[in-house]
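A.B. asks: sequence and computational prediction follow.
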Amino acid sequence: MTTTSTKDAASTSKKSDQQANQQLQSGVANSQPEPTRTQTYIRLLKYVKPYWWAILLTILGFVINSATEIGIAKLIQFITDAINTGTQSQRNLFPFLIVVLFTIRGFGTFLGNYFSALISRNLVYQLRVEVFEKLLRLPNSFFLENPSGTISSKLIFDVEQVTAASTDSLKTLLRDGLTVLALLGYLMYSNWRLTLILFLVLPPILWLVQKASKRYLNLSMGIQKTMGDVSHITNEIIGGYQVVKNYGGQTYEQKRFERASLENLKQGMKIVVTNSINTPAVQLLMASALSIVIWLALRPEVIANTTAGEFIAYLTAAGLISKPVRSLTDVNQKLQRGIAAGQSIFALLDELEEDASGTILERVDGEIIFDNVAVQYPDGTIALQDFSLTVKAGETVAFVGKSGAGKTTLVNLLTRTLEPSQGCIYIDGVPIENISLTSLRSQVGMVNQQVVLFNDTVRHNIAYGDLADKSEEQIIAAAKSAFAHDFIMQLPEGYNSSIGAEGLQLSGGQRQRLSIARALLKDAPILILDEATSALDNESEYFIQQALENIMQDRTTLVIAHRLTTIESADKIVVLDKGRVIEMGTHDELMALSGQYAHMYDRDFAEQQMSNYGS
């Protein structure tokens, strides 16, 4: 046991940390400015850096591809001059030169496309894994504040969109940028005076691109938000399809989904309109410059010393330049879309993680002390206030009260799923904020009212996570103690049977017993039962109570019970109301008080008698 001064110091430190956390959540302490588009883009490119060798091969491929653009102009020059003044042997080279040119072009295109795709898909893989790993380390507050659909949209949609900025746009910039440079170089070599006219349209093109960039970025952020809404609604319908059908919510949900999808459609069409105006405007400017070049090129004094082949080759190169220029203007849309997605992803990756550091404890005795603990949610709701309680090692303490009294909040504090606004909690005299999260949570087994099972086998749902190394005998023993073994053996493949998404192939009572078996297998010194028998019928509940009473021996057990008749044997019963303790004692002591507990018990007993009579 720690001394009083140690506890006071720990409590003071805890309060300081809590105040800092509250400041961070409210945005007071987190004053870092939002990253600029340039900073986001540079951060994205860092993910591409390890693939420098693939970038070099991509550049090589597109250099070859760009060179063939000049080759096309030179080939047309050769063919034209050969037709006019060449020999038959020169004409016989036409088919061979065409095949060679397009073979080289195909090789360059393959190199560029393959290795740019290799970079792109690896980027998606790395970002998706990094985002998923981040989600596993984020505190519960993040998941409470962000809808599941929005989070999954970041993982699926936003990550995919990032490639538009980091690799797709880079690919276009390399391929079409090199092509433009190659063609401009050839045009300057052929006639630099005429070619300079093309540069007159550069300032208005840059102005159009700048204006479009801001609009693309804003619209891309809007698309991400609406995609999050669509994903969120879809997740809700999939998870609550039974409620939707039973209460006739199909029409309402259809309208809700249509509104979100329509908003997404509007944002997408605004991008299309912007692009449809921006691209033709750039092309018109290029066409105007080309028309002037062609008009001047056709003047007698310009073509006086030029062969027909050279003249046609120049016009061909000038015509070929419009396509890559158009692609370079289109890349702006991809770039802004990817940057917007990158900002969304990096905002998630920069979220504060749970502080997992701290003391590593061996198996604890299980003494728990709540010292003046209070919990206040960000919206101002007070869940607990001035709560103090000592739970001795091996004791069973039950918490009862109306909905919203603070029962579940209280037990969630033990695993640091929630953090107290003030006060401190000790396990074996050690403040829980000083214990590493892994060590702390390994000391606590929990069975919740809402059972969480995974789309996996029965065995893997019982021996989940750190329990995966448990032996077959231990798994079966836990299942038998939870009275789950018999129904498991009736499944098609026994313990190897798949139970479907969220275990929906099982009844509510069966799912609850698997959850209890998982907690029993963990064999933690502290056990939390949050309405653990709520989904069981009377017969199953009786046997489960017997199993729980056996497993609770020599363990510190915190019980939240709806049926008060199941907690009569608890060492201590705590009655909560609006986050405060209003009564505390054994069952007999509280009944003798004839207070709120006695009133609740009598009503619960009468309801149970009526239920038994009705059945």
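C.D. replies: Sure, I can see it. Model, not experiment: these values are computed from the prediction.
A.B. asks: and the gap between residue 508 and residue 451?
C.D. replies: To residue 451, residue 508 is 8 Å away according to Cβ to Cβ, to the nearest Å. Using the backbone N, CA and C atoms, a C-beta is placed for each residue, glycine as well.
A.B. asks: please say which of these two ends up with more neighbours.
C.D. replies: residue 451 (22 against 13; other Cβ atoms under 10 Å).
A.B. asks: for the helix or strand containing residue 45, enumerate the helices and strands it packs against.
C.D. replies: Here residue 45, judged by DSSP states H and E, is contained in helix 37-48. Judged by 3 or more Cβ pairs under 8 Å, 6 or more residues apart in numbering; DSSP states H and E, the packing partners of helix 37-48 are helix 94-137, helix 322-349.
A.B. asks: out of those helices, deepest packed?
C.D. replies: helix 322-349 (a mean of 21; mean count of other Cβ atoms under 10 Å).
A.B. asks: run the chain-centre distance for that one.
C.D. replies: 21 Å (Cα atoms, centre = their mean, to the nearest Å).
A.B. asks: and that helix, what does it pack against?
C.D. replies: Counting by 3+ Cβ pairs under 8 Å, 6+ apart, helix 322-349 packs on helix 37-48, helix 94-137, helix 159-163, helix 169-196, helix 202-239, helix 250-297.
A.B. asks: sorry, back to before: neighbouring contacts of the helix holding residue 45?
C.D. replies: 35, 55, 119, 123, 126-127, 162, 165-167, 170, 217, 335-336, 338-339, 342-343, 346 (Cβ atoms under 8 Å, 6 or more residues apart in numbering).
A.B. asks: give me the low-pLDDT residue ranges for the stretch 251-400 of the chain?
C.D. replies: The model of the stretch 251-400 of the chain has pLDDT under 70 over residues 275-276, 278-279, 282-283, 286, 293-294, 296-308, 329-330.
A.B. asks: go again using 90 as the cut-off
C.D. replies: 251-366, 375-389, 393-396, 398-400 (pLDDT under 90).
A.B. asks: how about the stretch 401-550 of the chain?
C.D. replies: Using pLDDT under 90, the stretch 401-550 of the chain drops low at 401-422, 429, 433-458, 460-470, 477-488, 491-494, 497-524, 527-550.
A.B. asks: quick check: residue 505 is in a helix.
C.D. replies: No - secondary structure of residue 505 (DSSP: H, G, I helix; E, B strand; the rest coil): coil, not part of a helix.
A.B. asks: distance of the residue nearest to it when sequence neighbours are not counted from residue 513?
C.D. replies: Spatial nearest neighbour of residue 505, chain neighbours left out: residue 499 (5.2 Å); criterion: Cβ to Cβ, 6 or more residues apart in numbering. Residue 499 sits 12 Å away from residue 513, going by Cβ to Cβ.
A.B. asks: distance between the ends of stretch 139-150?
C.D. replies: 16 Å (Cα to Cα, to the nearest Å).
A.B. asks: was I right about residue 426 contacting residue 368?
C.D. replies: Yes - under the criterion of Cβ atoms under 8 Å, residue 426 makes contact with residue 368 at 7.1 Å.
A.B. asks: quickly list what residue 530 is bridged to.
C.D. replies: residue 560 (DSSP bridges).
A.B. asks: determine the number of other residues adjacent to it.
C.D. replies: 19.
A.B. asks: so how far is residue 555 from it?
C.D. replies: From residue 530 to residue 555 the distance is 16 Å (Cβ to Cβ).
A.B. asks: out of the helices and strands packed on helix 37-48, which is closest to residue 570?
C.D. replies: helix 94-137 (35.3 Å; Cβ to Cβ).
A.B. asks: and that closest one, what does it pack against?
C.D. replies: helix 37-48, helix 52-85, helix 159-163, helix 169-196, helix 322-349.
A.B. asks: packing partners for the longest one?
C.D. replies: Applying 3+ Cβ pairs under 8 Å, 6+ apart, one finds that helix 52-85 makes contact with helix 88-91, helix 94-137, helix 169-196, helix 308-320.
A.B. asks: helix, strand or coil for residue 385?
C.D. replies: strand.
A.B. asks: number the chain from 199, please
C.D. replies: From this message on, residue numbering opens at 199, which makes the last subject residue 583.
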